[in-house]
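Asker: pasted the sequence and its predicted model underneath.
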Amino acid sequence: MSIIDMKNWGLNDRLRAESALYEGLYVGRALSQSKDLYRVICEKGELTAEVSGKFRYEVNTLSDYPAVGDFVMLDRNTDTDGHAIIHQVLTRKSVFIRKAAGTAHDEQVVASNIDMVFICMSLNNDFNIRRVERYLAIAWDSGAMPVIVLTKFDLCEDIEARLNQIRAVALGVEVVITSSLSEDGCSAIIDYIKPGHTIAFIGSSGVGKSTLINRLVGEDILVTQELRKDNKGRHTTTRRELILLPTGGMVIDTPGMREIGVESADLAKAFADIDELAANCRFHDCTHTGEPECAVQQAIRDGKLSAERLANYLKMKKEAKYEGLNSKQIEVEKMNTMFAEFGGMKNARAFAKGKNKGKNL
Ligand SMILES: Nc1nc2c(ncn2[C@@H]2O[C@H](COP(=O)(O)OP(=O)(O)O)[C@@H](O)[C@H]2O)c(=O)[nH]1
Ligand SMILES: [Mg+2]
Ligand SMILES: [Zn+2]
């Protein structure tokens, strides 16, 4: 049996050195997860693994559990005599998180060690610049580098106008134009996918993420909208899964942050003014409903913030959908980066106010 070069799967020198600290264990990378079981690739090939009882006993939060993309330390390198046991998760470079369902404060990692995020936006009528902003916030938050991938170029009538819109909200972010219809329509993005690097595709449903990945792979391994209609049942990859490209590098289709990421980013941005004030509250977890030295309440007394706006904010936070979300997740710096062209945080606030004007949130 041939030995797999784990470098191709993203095992760099830093991770290699960290893995060497665990004598007698084997390093692998989690490719997919199904309940408690993980598909893991290691030097001897793919195997099925689960965490050890000790691991389960010692975890503090859900986010300590292995996730797709994690490098893990295993007790064996084949599973011919039972599931391999995961003893350790190596230090993560970046994480995509979501609030775990039904818990107030627990966060779950849905994908880790992503080097680059392709924010996919179609150039046809679905083009929506506000959505680009939200996805950018999520990407910056994750620790991975965002690149904007414009899809369906064949359906676009005025590319310059679109590019100008993008440039206004995404300073310093590279933009790539693609079409899955033409032969070389995705060649531009191949240059961004370096061997050993992991790219996550995010973006609304229908923009062409899976089609693009199928083109990169060279066969239809992901279900796309057409293939779904055919319903021939021959396409199996529907879960979150790391896919190795023949040209080197790995991709993951929508790592699953859509469920919450957008919502939390949205809330933070819509109430950027309150978020900024809250940074000066005495208590880190201040609810702004009567704690001492609350900067938000102080702003209301000073006439800088309307009581109605705080009420709207609190109401929104209370909705089940937002339960437990901390709008501080997207730090002021990131808002500044995003709004740099318009003059930073101050104008982000003006933007948020304008956006909510006349809306009964
Ligand atoms: N015209 C055009 N259609 C595309 C292109 N890429 C994808 N599509 C179509 O857009 C639809 C959604 O594609 P899919 O890959 O399933 O999108 P996903 O939900 O982002 O994964 C399908 O009908 C694709 O055939 C493109 O470059 N040009
Ligand atoms: Mg898809
Ligand atoms: Zn407060």
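Answerer: The structure has been received and is ready for your questions. Model, not experiment: these values are computed from the prediction. Numbers count the residues shown, from 1 in each chain. Ligands and ions are numbered 1, 2, ... in the order given.

Asker: I'd say A307 and R301 touch.
Answerer: No. Using C-beta atoms under 8 Å, A307 makes no contact with R301, being 9.7 Å away. All C-beta atoms are positioned from the backbone trio N, CA, C, and that covers glycine.

Asker: note down every partner strand of the strand of greatest length in the chain and its orientation.
Answerer: Among the segments of the chain that qualify as a strand by DSSP state E, the longest is strand 26-34. With DSSP bridges as the test, strand 26-34 is paired with strand 37-42 (antiparallel), strand 71-74 (antiparallel).

Asker: excluding chain neighbours, what is closest to the closest residue to ligand 2 within the chain?
Answerer: Nearest residue of the chain to ligand 2 (C-beta to the ion) works out as S210 at 3.2 Å. Once flanking residues are discounted, S210 sits nearest to L222: 4.0 Å by C-beta to C-beta, 6 or more residues apart in numbering.

Asker: if we can go back for a sec, what comes up buried for the longest strand of the chain?
Answerer: 26-33 (16 or more other C-beta atoms under 10 Å).

Asker: go on, stretch 163-171?
Answerer: Those would be 166, 169-170, for stretch 163-171 by 16+ other C-beta under 10 Å.

Asker: redo these as a markdown table? Include distance to E58 and secondary structure.
Answerer: Formatted as a markdown table, these follow (distance: C-beta to C-beta, whole Å; DSSP: H, G, I helix; E, B strand; the rest coil):
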| residue | distance to E58 | secondary structure |
| --- | --- | --- |
| I166 | 46 | helix |
| V169 | 43 | helix |
| A170 | 41 | coil |
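
Asker: out of those residues, which comes closest to R39?
Answerer: A170 (34.8 Å; C-beta to C-beta).

Asker: do you know the pLDDT at that closest one?
Answerer: A170 is assigned 83 on the pLDDT scale.

Asker: next: D184.
Answerer: 84.

Asker: below-threshold pLDDT in this protein: ranges please.
Answerer: 1, 99-106, 226-239, 255-271, 315-361 (pLDDT under 70).

Asker: where does the residue nearest to S210 fall, phi/psi-wise?
Answerer: When quoted as degrees, to the nearest 10, the phi and psi of L222 stand at phi -110, psi 150.

Asker: ok, now L136?
Answerer: In terms of degrees, to the nearest 10, the main-chain angles of L136 are phi -60, psi -40.

Asker: for it, grab the count of nearby residues.
Answerer: For L136, the tally of surrounding residues (other C-beta atoms under 10 Å) stands at 21.

Asker: before we move on, what about R39?
Answerer: 19.

Asker: with I189 instead?
Answerer: Using other C-beta under 10 Å, I189 is surrounded by 22 other residues.

Asker: now V110. Its backbone dihedrals?
Answerer: phi -100, psi -20.

Asker: quick check: the residue of the chain closest to ligand 2 vs S182, distance?
Answerer: Distance, S210 to S182, using C-beta to C-beta, to the nearest Å: 18 Å.

Asker: what does stretch 42-61 rub up against?
Answerer: Stretch 42-61 is touched from outside by 1, 3-4, 6, 26-31, 36-40, 65-66, 72, 74-79, 83-88, 106-107, with contacts defined as C-beta atoms under 8 Å, 6 or more residues apart in numbering.

Asker: let's see it at 6 Å
Answerer: 3-4, 26, 28, 36-40, 74, 77-79, 83-87, 106 (C-beta atoms under 6 Å, 6 or more residues apart in numbering).

Asker: put the buried members of those into a ChimeraX selection.
Answerer: For the buried members of the contacts of stretch 42-61, the matching ChimeraX selection, counting by 16+ other C-beta under 10 Å, is:
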select :4,26,28,38,39,40,74,77,79,83,84,85,86,87
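
Asker: element containing the residue lying closest to K7 once chain neighbours are set aside, please.
Answerer: Leaving aside its sequence neighbours, K7 sits nearest to G196 (C-beta to C-beta, 6+ apart; 5.6 Å). In this assignment (DSSP states H and E), G196 forms part of neither any helix nor any strand.

Asker: thinking again about what came up before, neighbour count: S210 and S182, which is higher?
Answerer: Of the pair S210 and S182, S210 is the one with more neighbours under other C-beta under 10 Å, namely 25 against 11.

Asker: ok, and what's touching stretch 195-211?
Answerer: 7, 10, 113-122, 135, 151-152, 180, 193, 222, 224, 248-255.

Asker: so which residue is dead centre in this structure?
Answerer: Geometric centre of the chain, nearest residue: F96, 4.2 Å, by C-alpha atoms, centre = their mean.

Asker: partners of that residue in the sheet?
Answerer: A111.

Asker: can you tell me which residues contact the residue in the stretch 1-150 of the chain positioned nearest to ligand 1?
Answerer: Per C-beta to the nearest ligand atom, C120 is where the stretch 1-150 of the chain lies closest to ligand 1, at 6.4 Å. C120 makes contacts with 149, 151, 201, 203, 207, 209, as judged by C-beta under 6 Å, 6+ apart.

Asker: how about it, secondary structure?
Answerer: strand (DSSP: H, G, I helix; E, B strand; the rest coil).

Asker: H288 contacts C294, doesn't it?
Answerer: Yes. Contact criterion C-beta atoms under 6 Å: H288 and C294 qualify, at 5.4 Å.

Asker: ends of stretch 144-162, what's the gap?
Answerer: End-to-end distance for stretch 144-162: 24 Å, by C-alpha to C-alpha, to the nearest Å.

Asker: now swap in stretch 274-286 and tell me
Answerer: 12 Å.

Asker: hang on, Y38 packs against L31?
Answerer: No. If you go by C-beta under 6 Å, Y38 and L31 don't touch, sitting 7.8 Å apart.
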